[in-house]
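I would like to see how this sequence folds:
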Amino acid sequence: MASSELITTEVESENHLSSLIYEISNEVQEIMENMLKTITEINHNSAVIEEEIEKCKGSALERKRALNEDRDNFQKAAYAVLDMLNRE
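Reported below is the predicted structural model:
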């Protein structure tokens, strides 16, 4: 009988261990799937942010060119006024 009980206990232990391994495996799988979803979302958001940064850079460069042009025009006008005043 002792031998039979020992075998039963071993089988139950193996079944319990197999069950635990299966549960852990499922949990790991679920965690990895969630991580993949998160990584995909991060990559998508990163791409959107990079796109917005590029748009902002473009806008900033256009604004800089416009301001430089305005400055140049203002300087030309100021020099023209100074030149007119110097002629008098």
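
For the rest of this, base every contact and every neighbour count on C-alpha atoms.
OK.

contacting residues for residue 24?
The contact partners of residue 24, taken as C-alpha atoms under 8 Å, 6 or more residues apart in numbering, number zero.

gap between the residue most central in space within the chain and residue 56?
For the chain, the residue nearest the mean C-alpha position is residue 46 (3.2 Å; C-alpha atoms, centre = their mean). Using C-alpha to C-alpha, to the nearest Å, one obtains 15 Å as the distance from residue 46 to residue 56.

How many residues are close by residue 86?
8 (other C-alpha atoms under 10 Å).

Next up, identify which helix or strand the residue nearest to the centre of the chain is on.
Assigned by DSSP states H and E, residue 46 belongs to helix 2-87.

any idea of the mean pLDDT for that helix?
Mean per-residue pLDDT for helix 2-87: 93.

how far out from the middle of the chain is that helix?
0 Å (C-alpha atoms, centre = their mean, to the nearest Å).

on that earlier part again, tell me the contacts of the residue nearest to the centre of the chain?
Applying C-alpha under 8 Å, 6+ apart, we find residue 46 in contact with no residue.

now it: how far from residue 22?
Counting by C-alpha to C-alpha - residue 46 and residue 22 are separated by 36 Å.

and if you look at residue 68?
Here the criterion is C-alpha to C-alpha. By it, residue 68 lies 68 Å from residue 22.

same thing with residue 37?
Following C-alpha to C-alpha, the distance that separates residue 37 from residue 22 is 23 Å.

What of residue 16?
Applying C-alpha to C-alpha to residue 16 and residue 22 gives a distance of 10 Å.

How about residue 56?
As judged by C-alpha to C-alpha, residue 56 and residue 22 stand 51 Å apart.
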